[in-house]
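S.K.: Let me see the structure of the following:
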Amino acid sequence: MRSHYCGQLESSLVDQSVTLCGWVNKRRDLGGLIFIDMRDRSGLVQVVFDPDQQALFDTANKLRQEFCIRLVGTVRARPESQVNKNMATGAVEVMATELEIISRAEPLPIDFNQQVSEEQRLRFRYLDLRRPNMNHNLQFRAKVTSAVRRFLDDNGFLDIETPMLTRATPEGARDYLVPSRTHKGKFFALPQSPQLFKQLLMMSGFDRYYQIVKCFRDEDLRADRQPEFTQIDIETSFMTSDQVMAVTEKMVRQLFNDMLDVELGDFPRMTWHEAMRRFGSDKPDLRNPLELVDVADLLTDVEFKVFSGPANDPKGRVAALKVPGKAEAISRKNIDEYTAFVGIYGAKGLAWMKVNDLSAGRDGIQSPVLKFIPDDALNGILARTEAANGDIIFFGADKTTVVAEAMGALRLKVGQDFELVSDEWRPLWVVDFPMFEEHDGRLHAIHHPFTAPVGVSPEELKANPEAALSNAYDMVLNGCEVGGGSVRIHNNEMQQAAFEILGIGKEEAQEKFGFLLEALKYGTPPHAGLAFGLDRLVMLMVGASSIREVIAFPKTTTAACVLTDAPGLANPEALAELNVAVTVKDND
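M.R.: A predicted model of the protein is given here:
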């Protein structure tokens with residue numbers, strides 16, 4: 001139906017006849033002439049209708065925004081004074097000779113010249129996706145996907161599909177369950193990741209696997225989460241963690257170079273413990289110059305229990321966050337707001353100290369807790385934080401986890417509020433994670449139960465699990481975890497030890513993972529892998545603030561699709577056939 005895309009027209013096509021298909025983006029009637037901006041996925045071009053062609057002009061007079069049309073015309077150069085440098089096709093226009101209205105559009109339910117709520121955008125997503133920025137995002141995503149496939153294909157990886165209907169895997173979120181009609185009372189689970197199947201593929205001899213795959217997690221949502229998301233899943237055999245990191249880093253560097261003309265350079269590495277100590281986060285945003293400084297050892301003997309309590313607690317921490325030159329800019333109202341903010345993360349308060357004049361000693365310091373801090377502790381804090389006149393220092397004192405979360409979040413907020421964050425790209429590998437963490441009096445795997453520990457035997461792991469480090473690695477970019485992986489356990493004894501530490505007994509392990517434990521008996525190769533969040537990666541690359549901006553048909557923050565009104569009620573006959581009953585509580 002068409003000979004060219006609208007956005008392809010350029011000066012080399014002047015005097016040529018073209019056939020275009022697309023939508024009316026804008027219509028302008030100047031009395032003697034009618035102009036439209038015609039749009040397709042490639043961009044815009046201006047079309048002119050001559051009143052001397054009366055029938056054509058009359059048809060053009062009926063055009064309205066978002067009419068779907070087909071037209072034939074001649075490309076001509078615009079006069080120098082009328083060249084539109086804001087359009088890729090701004091040096092040319094099309095003089096129409098034929099026009100067909102394929103489909104009319106009723107008045108639009110949303111006006112994108114006004115502020116439109118996200119719910120309205122998702123309700124009329126087919127219209128929202130016509131907007132240039134959404135069009136660009138999805139085209140960019142398609143190119144990223146193609147580039148990833150080319151890289152992995154060129155590096156010997158095989159694209160192998162894994163099942164969507166499977167058993168539950170322990171990935172830290174609730175599963176989406178699918179009832180079985182043929183096996184009454186039993187359920188499939190949609191995969192949270194292809195974890196066990198890709199390990200089985202390594203045991204089957206396919207030493208370089210990848211898949212761009214849908215994954216499903218029934219968890220609370222936020223800007224970078226969706227109930228269904230897309231993963232670039234990679235697994236290898238006979239490769240060390242360093243080799244896996246090297247090949248995937250090369251892929252991401254090449255991707256940024258090809259797609260954005262950005263050279264990321266070599267990715268630095270940082271241990272998990274260093275990241276938590278300096279930034280309060282295992283995905284630190286290195287564009288933000290603010291850092292946490294430990295000062296607990298300076299405060300063990302102070303009378304102020306808010307400080308001395310955590311300072312003397314092996315599981316406590318006292319950390320300082322210096323904000324250079326912002327003592328005057330941060331008002332008491334700001335401090336109250338920041339205090340409420342850290343309260344979201346469990347902090348009971350926020351101590352602060354303004355450095356007005358170092359030369360004046362204690363008299364040059366302004367703080368509501370100053371009277372509780374002796375001179376030697378005060379001088380130690382000022383020296384360790386390298387405080388200068390005009391600085392303000394915030395303090396977090398509590399359990400280590402609370403201080404990390406609260407002060408790490410405050411670091412990010414203050415950095416954003418005062419525009420301290422640079423606009424560069426700052427990638428990072430975070431390595432040497434703890435193998436386990438404690439919640440509710442029991443140990444849980446930081447990543448998943450199939451992650452291998454570093455340098456210990458099964459007996460040594462069971463003897464001191466809290467000291468074990470996992471052979472795991474996360475790729476972080478500008479404060480966002482874009483990928484994570486690990487070396488996997490490849491022998492039965494170590495896997496059984498990990499299950500035992502996690503409280504998974506032999507009977508439960510056999511029920512849930514019997515097929516994996518059986519496979520581990522038959523010559524399992526050492527293997528390792530990594531999975532990237534494709535949605536997050538593209539979100540960062542296009543500069544969006546939410547992965548919903550790079551997914552064609554995303555869910556809302558309540559995991560609903562307002563376009564199709566899903567989830568919906570099931571047909572009673574279908575439920576009966578599945579032996580599934582729905583019970584409704586009064587408060588539902």
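
S.K.: can you tell me which helix or strand N133 belongs to?
M.R.: Secondary structure from DSSP states H and E places N133 in helix 132-154.

S.K.: for that helix, packing partners?
M.R.: Counting contacts by 3 or more C-beta pairs under 8 Å, 6 or more residues apart in numbering; DSSP states H and E, helix 132-154 packs against strand 158-159, strand 208-216, helix 241-260, helix 534-542. To be clear about C-beta, it is placed using only N, CA and C from the backbone, and glycine gets the same treatment.

S.K.: how does the chain divide up, domain by domain?
M.R.: 6-103, 114-271+423-432+473-488+526-560, 288-417, 434-469+491-524 (automatic domain parsing).

S.K.: thinking again about what came up before, any idea which of the helices and strands packed on helix 132-154 is most buried?
M.R.: helix 534-542 (a mean of 23; mean count of other C-beta atoms under 10 Å).

S.K.: Give me the contacts around it.
M.R.: Applying C-beta atoms under 8 Å, 6 or more residues apart in numbering, the external contacts of helix 534-542 come out as 136-137, 140-141, 144-145, 148, 212, 224, 226, 229-232, 252, 256, 259-260, 477-478, 480-483, 545-547, 549-551.

S.K.: filter those residues to the buried ones?
M.R.: Neighbour-count burial (16 or more other C-beta atoms under 10 Å) is assigned, among the contacts of helix 534-542, to 137, 140-141, 144, 148, 224, 226, 229-232, 252, 256, 477-478, 481-483, 546-547, 549-551.

S.K.: Including distance to K585, could the domains of the chain go into CSV?
M.R.: What follows is the domains of the chain, written out as CSV (distance: least, C-beta to C-beta, whole Å):
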stretch, distance to K585
domain 6-103, 45
domain 114-271+423-432+473-488+526-560, 18
domain 288-417, 30
domain 434-469+491-524, 26
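
S.K.: okay, now E337: neighbour count?
M.R.: E337 has 14 neighbours, counted by other C-beta atoms under 10 Å.

S.K.: Restricting to C-alpha, output stretch 418-431 in PDB.
M.R.: Once non-C-alpha atoms are left out, stretch 418-431 reads as follows in PDB (Å, rounded to 0.1, in the frame of the first residue of the first chain):
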ATOM      1  CA  PHE A 418      20.300  19.500  45.700                       C
ATOM      2  CA  GLU A 419      21.200  18.300  42.200                       C
ATOM      3  CA  LEU A 420      24.400  16.700  43.300                       C
ATOM      4  CA  VAL A 421      24.000  13.700  41.000                       C
ATOM      5  CA  SER A 422      26.000  13.900  37.800                       C
ATOM      6  CA  ASP A 423      24.600  13.000  34.400                       C
ATOM      7  CA  GLU A 424      27.400  10.500  33.500                       C
ATOM      8  CA  TRP A 425      27.000   6.700  33.300                       C
ATOM      9  CA  ARG A 426      28.500   4.900  36.300                       C
ATOM     10  CA  PRO A 427      28.500   1.100  36.000                       C
ATOM     11  CA  LEU A 428      29.700  -1.200  38.800                       C
ATOM     12  CA  TRP A 429      30.000  -4.900  39.700                       C
ATOM     13  CA  VAL A 430      29.100  -5.700  43.300                       C
ATOM     14  CA  VAL A 431      30.600  -9.000  44.400                       C
END
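
S.K.: in it, what counts as buried?
M.R.: Quick answer for stretch 418-431 (16+ other C-beta under 10 Å): L420, V421, W425, R426, P427, L428, W429, V430, V431.
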